[in-house]
Structure formats: C-alpha cells, structure tokens
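K.L.:
quick check, what structure comes out for this input:
(2 chains)
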Protein chains: 2
Amino acid sequence: MVDIAFLKPVESEIAQVETRIKQTGERDFPYLTDLLGHVLGKSGKRMRPGITLLVGKNFTYFEERHVPMAAAVELLHLATLVHDDIVDDADTRRGEETINALWGSKVAVLLGDYLFANSAELVTSTGSLAATELFAHTLRELATGELQELSVAFTGDSSRDLYWKRIYGKTASLFATAAESAAILGDASPRQIEACRDFGTNLGMAFQIVDDILDFEGSEEQIGKPVGNDLLQGVLTLPVIIFIEQHGIQEIIKSEKDLREPGSAAEITEKIQNSSAIADAYTVADEFLEKARHSLKELGESTYQRSLVEMIGYVTKRQS
Amino acid sequence: MVDIAFLKPVESEIAQVETRIKQTGERDFPYLTDLLGHVLGKSGKRMRPGITLLVGKNFTYFEERHVPMAAAVELLHLATLVHDDIVDDADTRRGEETINALWGSKVAVLLGDYLFANSAELVTSTGSLAATELFAHTLRELATGELQELSVAFTGDSSRDLYWKRIYGKTASLFATAAESAAILGDASPRQIEACRDFGTNLGMAFQIVDDILDFEGSEEQIGKPVGNDLLQGVLTLPVIIFIEQHGIQEIIKSEKDLREPGSAAEITEKIQNSSAIADAYTVADEFLEKARHSLKELGESTYQRSLVEMIGYVTKRQS
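P.N.:
Predicted coordinates for the structure are as follows:
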C-alpha cells in the first residue's frame, strides 16, 4: 500500500488510516459503496496523513488521536477534490473519471458535503478543541483559496502576492494543519508546534508550485489532465507569472480574449515550455523547501524527522 | 427586524446574531460583499437561532457561547440552502434569484463550502467540544438526508419510514441541534438536554411536513417556488404518501415515466389538492407538535419557555 519510502516508518499506521477512510459511509449508505469506493478506494500518495503520523510519532504518539486526525486531513483533501472537479468541469482526475462525470454534479455537491462532515466528525473524535478549531479555520482557508482562484480567473492578474495567497489557501493551509495538529495532539511545545506549522506551510507552497509546473511539463498521461489545463481555466500560475515578469504581459496575453481561446492557451504553453520560466519556478519551489528543512531542525533527530526530510526531497522529484 | 411575536423576548440577542451573520466574509472578501449580502442580508424567519437563544435564556445564558452558536446554526442552514439550490436547479427562492442563477453553480459550490466553514468556526468559538461534536454530527445528518432524497428521486418510493429518515436528516436534525446545543452550552441537566433535543426533533419534523404540504397548497407567489415542485423533482412527500396509502399507487403513478412528465405532476398535484391527504398530513404534523409540547414541560415555566410553546403554534399556522 505504501510505495513511497519516506512513509515506511509509519506503514502500519497508514494502513489504519486507510481502513478509517474506507469505512466512511458504511453506516449511512451501505448501498452507496461503489460511489464512495470510487473516491476513497484509490490510495493516493497520502502525503497529508503521512505528515500527521510522522510528526505525531516524532513527539508523543496517541493512536486514538493521530489516526483519526490523519484520516480527517485526507478526507478533507478528498472532499475538496470532489468539489474542485465540479468547479473545473473536470471529467477525469489522474486518468480516472470524476464523480461529477460519473454521477453528475448534483451528487458531487452532496457527496463532497458528506465527506466534509465525516472529516469534521473524525477531528472532534480526537477530543481536542484546539485541533478542531484549527481544522475549522483550515476549512475556511481552503474555501477562500478556491473562491479567490475562481474570482481571478480570466482577469489576467499576474501578481505574485495574490498567487501566494491563493496557493496558501488552497494547498499549503492543509499541509500546515496536517503538521500543526499532529504536534498539538502530540503534546509538543509551543515553539515546536510553530515549527511544524512553518514546515507544513512551506512544504505545501512548494508542493503546489511543483503541481503548477507539472501542468506545463508533463504529458497528459503523466499528470492525468490536459497539459496547460490551468491556462484553459484562465488561471495564471508561477511559470506564467515569471514569464510575464521577464518578457512583459504583451508577449503572451494581448487581451483578455486571448485567455479564453484554447488555441492561444496552447501557444502560451509552448512559449512557457521553451523559456527559462520552468527552471526559475523550480528555484522558487526550492527556496520554500529550504525553509521547510530549516523548520524541521526544531524537531530534533529521529527516524520520523528523517522521513520528513526525505519527504521534502520528494516534492521536486515527483513526476505527478 | 424581528416580526415574529415569539422572538420578542430575545429581540436584542437576535440582532447580535444578525450582526455576526452579516460579518461573514468581511475579512476574506471585502470585494464579495454583494455576493454574500445576497445570501446573508435577507432576514429569514430565523427560527433556528431563535430556538438556540430561547433555550439558552431558559437555562443559563452566556452571550459568548449562545450568540455564536445561534449564528452558526443559521449559517449552516443558509449554507445548505445554497447547495440545495444547485441540486434542485432552483432559479428562485422565496421570490429572489438564487446564487446559482446569479453567479453560476461553480460559485455556489464554493460559497456554500465557505459558509459551512464559517459556521464551523463559530461553533468552535463557543469553546465547547460537546457542542462542536454535535455540530459535526449534524453536518453529516444533513448531507445524508439530502443524498437520500436525491437517491430516491423518481423511484416512486412511498414508504413512510424512508420519508421520516429523509426529513429528519435534512431538517429536524438541525432543529434538534439548535435546541440541544443551547441546553449543553447553558449547563442544563442531561435530562433537560434530552428534552430539548426531543423538542427540536419533533418541531423540525412538523416544520418539514408543513413545508411539504405548502408545496401543494400555496400559490407560487406565497411559497416562492412552483406549486408541486417536489413532485417535479421526483420526490414523494407526506401528502402524496398518504394519498397513495388511501387510494393505491396506480391511482396517480402508473409508471416511473409518469413522474418525469411535468404535465402528470400537475395532474397529481390537483388530485392531492382535492383529496383529504392535505388535512391528514396536517394531523400528522400536529402529532409531532404535541410531542414537542410535551418535551417543553421539562424546561419549567419561563417567558422563554412560553415563547417556545408559541413557536410550536406558529408551525402549522404559517403560510410560507
């Protein structure tokens, strides 16, 4: 089940989390097994629950707190994917059909809500009000990030500040919470809790930047969606932002209309691919990873801390 | 602002709740004021926060607990309406355009999520893990009720049991939590907490039954949506279920296809209107209200308890 080396030290705990995730819906919808199995059945990279478990193990690990928290973090992630696929009109994700493609967007709206709810219930079952508060806050940050992305789509906005806010909201906030909540539940010191949050935030920022780079780099087969998909959605990500900073916006986008023409998205994609913007974006991702590495020093040396360091290395190496 | 007599004793508290609700989004989206104002600006009947405040006042009232809880309960209700309108393809609600009609269903998906998140944050701000657990549980019940409704649509299923489950999930569960959470936050005894939950559950069941009756009774102007709308959505509610019990299903639905033809929905609506099914459904609503009245006896006599009794009387008198 765990095919990523850095998760080895928490292999059996990840299996417990998988079981928890797969139990979702059993009590309410025995007849919806296939619907839920479609979302919950595939083992993703499970990075977020991996962070929660590794951080927990590094401090004081409580199975009855860290397992539900890790499951909650992953379920929250899966819930946002179900809703994102509606927003993006996505028919496939990682090569498999989406819930909205298979069962329609009405089912996808309600199924996403159902997953949010299950995730919230798992968090409260940790018995920690602090973790629960953090979770509710993250839920708001995720929705804010997505709404921001939708609201700047096709506006041609290429400010880095807004980009940082968007990717913090939609991705880094949950990585931060995966780490911070585990430290809180593991009775870490305030200073260690803060270091964990910083680690998660910076790792998440880099993770999303690499995601945005792969949107230009990979093949459709590799990334499981069309190359240049963000541009087709009218969203400018770091490689485009860097290109615009270096060459001027008129070099790729002459008018808002340009963004709305699929042909021009393909043209822009090619220009980005042939420029130094990709390499420069990787450099930015590395800067965030360096900060994440620095934060981990607060955790002290342990097998689990070393796995978290390995996880950092993985972010820029991954192909999907 | 409060035009319903039974809310008089908590008029100033309701105003505080309104302020809290209207603040939603200010910090994240100063530019989305109109979008949010559209959902949050209209003062509905505010029955759910009214229950929370009246129950709180009847026991030990804490402004810093009961005001955010009441706001959370109403925001959760508003969030579900935003998502329901996507699921029902509704262009108007109470005569006003819906979020999906005005800004599209993508915005509606994310805005609903954002409201869920704000509501969850308000609950955690009460500082009560018990109230937070209850809230997360209710979130799951709401989504379950809606998913059940969607999954039986157009199946011609007319079992009362399934109807009770559906309306408990989609409506009564939140009424129950509005009352129970206020009792928990007001340091009520376990017996009183249970009585409050029973009161809320039974009131909510009756409230939804009357809603379902009004779908057949009112004019489009009164109820703010087409008459017989549930039937158009393929959903059989209590008046239809009673009619089927009395006359046999073949009297109105000969095949599943019948349900899918708008013309036949109009025909069925007329048959229901001319039958005793409406009056019989009101009798069932009254039975639930009688149970709600009985539960209130556990609360002891107070101005606030009397208001809750008045609220019971209002449920079957309302026109929309």
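K.L.:
tell me, how many residues neighbour residue A:300?
P.N.:
Using other CB atoms under 10 Å in any protein chain shown, residue A:300 has 11 other residues around it. In short, each C-beta sits where N, CA and C put it, glycine included.
K.L.:
could you measure from it over to residue B:230?
P.N.:
Distance of residue A:300 to residue B:230, computed by CB to CB, to the nearest Å: 61 Å.
K.L.:
buried ones in the lengthiest helix in chain A?
P.N.:
In chain A, taking DSSP state H as the definition, the longest helix is helix A:190-217. Across helix A:190-217, burial judged by 16 or more other CB atoms under 10 Å in any protein chain shown covers A:192-193, A:195-217.
K.L.:
tell me the pLDDT of residue A:258.
P.N.:
For residue A:258, the pLDDT comes out at 65.
K.L.:
if I look at residue A:194, how far off is chain B?
P.N.:
Residue A:194 sits 20 Å away from chain B, going by CB to the nearest CB, to the nearest Å.
K.L.:
mind checking pLDDT for that residue?
P.N.:
In this model, residue A:194 is scored at 98, pLDDT.
K.L.:
from residue A:289, how far out is it?
P.N.:
Applying CB to CB, the value for residue A:194 to residue A:289 is 18 Å.
K.L.:
then residue A:198?
P.N.:
The gap separating residue A:198 from residue A:289 is 12 Å, by CB to CB.
K.L.:
again, but for residue A:273
P.N.:
With distances taken as CB to CB, residue A:273 is found 23 Å from residue A:289.
K.L.:
now the residue in the stretch 201-320 of chain A positioned nearest to chain B. Its backbone dihedrals?
P.N.:
Nearest to chain B in the stretch 201-320 of chain A, going by CB to the nearest CB, is residue A:233, at a distance of 10.5 Å. Main-chain dihedrals, residue A:233, degrees, to the nearest 10: phi -90, psi 0.
K.L.:
just residue A:96 next, same as before
P.N.:
Main-chain dihedrals, residue A:96, degrees, to the nearest 10: phi -110, psi 150.
K.L.:
before we move on, back to that, which one's more surrounded, residue A:273 and residue A:289?
P.N.:
residue A:289 (22 against 14).
K.L.:
and the more buried one, what does it touch?
P.N.:
By CB atoms under 8 Å, 6 or more residues apart in numbering or on different chains, the contact set of residue A:289 is A:202-203, A:206, A:312, A:315-316.
K.L.:
at 10 Å what do you get?
P.N.:
Shown in contact with residue A:289 (CB atoms under 10 Å, 6 or more residues apart in numbering or on different chains): A:202-203, A:205-207, A:209-210, A:311-313, A:315-316.
K.L.:
which strand or helix spans it?
P.N.:
For residue A:289, the host element (DSSP states H and E) is helix A:277-296.
K.L.:
mind listing what's buried in that helix?
P.N.:
A:277-278, A:281-282, A:284-285, A:288-289, A:291-293, A:295-296.
K.L.:
using CSV, write out every CA atom in that helix.
P.N.:
Extracted C-alpha coordinates of helix A:277-296, given in CSV (Å, rounded to 0.1, in the frame of the first residue of the first chain):
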residue,chain,number,x,y,z
ALA,A,277,10.4,30.1,-16.5
ILE,A,278,10.1,26.5,-15.6
ALA,A,279,13.6,26.2,-14.2
ASP,A,280,13.1,29.6,-12.4
ALA,A,281,9.8,28.3,-10.9
TYR,A,282,11.7,25.2,-9.6
THR,A,283,14.2,27.6,-8.0
VAL,A,284,11.4,29.3,-6.1
ALA,A,285,10.0,25.9,-5.0
ASP,A,286,13.5,25.0,-3.7
GLU,A,287,13.5,28.2,-1.6
PHE,A,288,10.3,27.2,0.1
LEU,A,289,11.7,23.7,0.6
GLU,A,290,14.8,25.1,2.2
LYS,A,291,12.6,26.9,4.7
ALA,A,292,10.7,23.7,5.4
ARG,A,293,14.1,21.9,6.0
HIS,A,294,15.1,24.7,8.4
SER,A,295,11.9,24.3,10.4
LEU,A,296,12.4,20.6,10.8
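K.L.:
between it and helix A:190-217, how many degrees?
P.N.:
With axes from the mean of the first three to the mean of the last three CA atoms, to 10 degrees applied, the angle from helix A:277-296 to helix A:190-217 works out at 160 degrees.
K.L.:
can you pull the buried residues of the helix or strand immediately after helix A:277-296 in the chain?
P.N.:
The C-terminal neighbour of helix A:277-296 among helices and strands, as given by DSSP H and E, is helix A:303-317. Buried residues in helix A:303-317, counting neighbours by 16+ other CB under 10 Å, are found at A:304-305, A:307-309, A:311-312, A:314-315.
K.L.:
and for stretch A:85-100?
P.N.:
By neighbour count on 16+ other CB under 10 Å, the buried set for stretch A:85-100 is A:85-88, A:90, A:93, A:98-100.
K.L.:
same list, the residues you listed, but only the ones touching chain B.
P.N.:
Applying CB under 10 Å from any CB of the partner chain to the buried residues of stretch A:85-100, one finds that A:86-88 fall near chain B.
K.L.:
which element is the residue of the stretch 151-300 of chain A found nearest chain B on?
P.N.:
When distances are taken as CB to the nearest CB, the stretch 151-300 of chain A reaches nearest to chain B at residue A:151, 7.4 Å away. Under the criterion of DSSP H and E, residue A:151 resides in helix A:129-152.
K.L.:
roughly how far apart are the residue nearest the centre of chain A and residue A:288?
P.N.:
In chain A, the residue lying closest to the centroid (CA atoms, centre = their mean) is residue A:171, at 4.3 Å. Applying CB to CB, the value for residue A:171 to residue A:288 is 11 Å.
K.L.:
then residue A:110?
P.N.:
Using CB to CB, residue A:110 is found at 36 Å from residue A:288.
K.L.:
in a markdown table, list the buried residues of helix A:303-317 along with pLDDT and distance to residue B:264.
P.N.:
Below are the buried residues of helix A:303-317 laid out as a markdown table (pLDDT from 0 to 100; distance: CB to CB, whole Å):
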| residue | pLDDT | distance to residue B:264 |
| --- | --- | --- |
| A:304 | 97 | 64 |
| A:305 | 97 | 67 |
| A:307 | 96 | 63 |
| A:308 | 97 | 62 |
| A:309 | 96 | 66 |
| A:311 | 95 | 59 |
| A:312 | 96 | 63 |
| A:314 | 92 | 59 |
| A:315 | 92 | 58 |
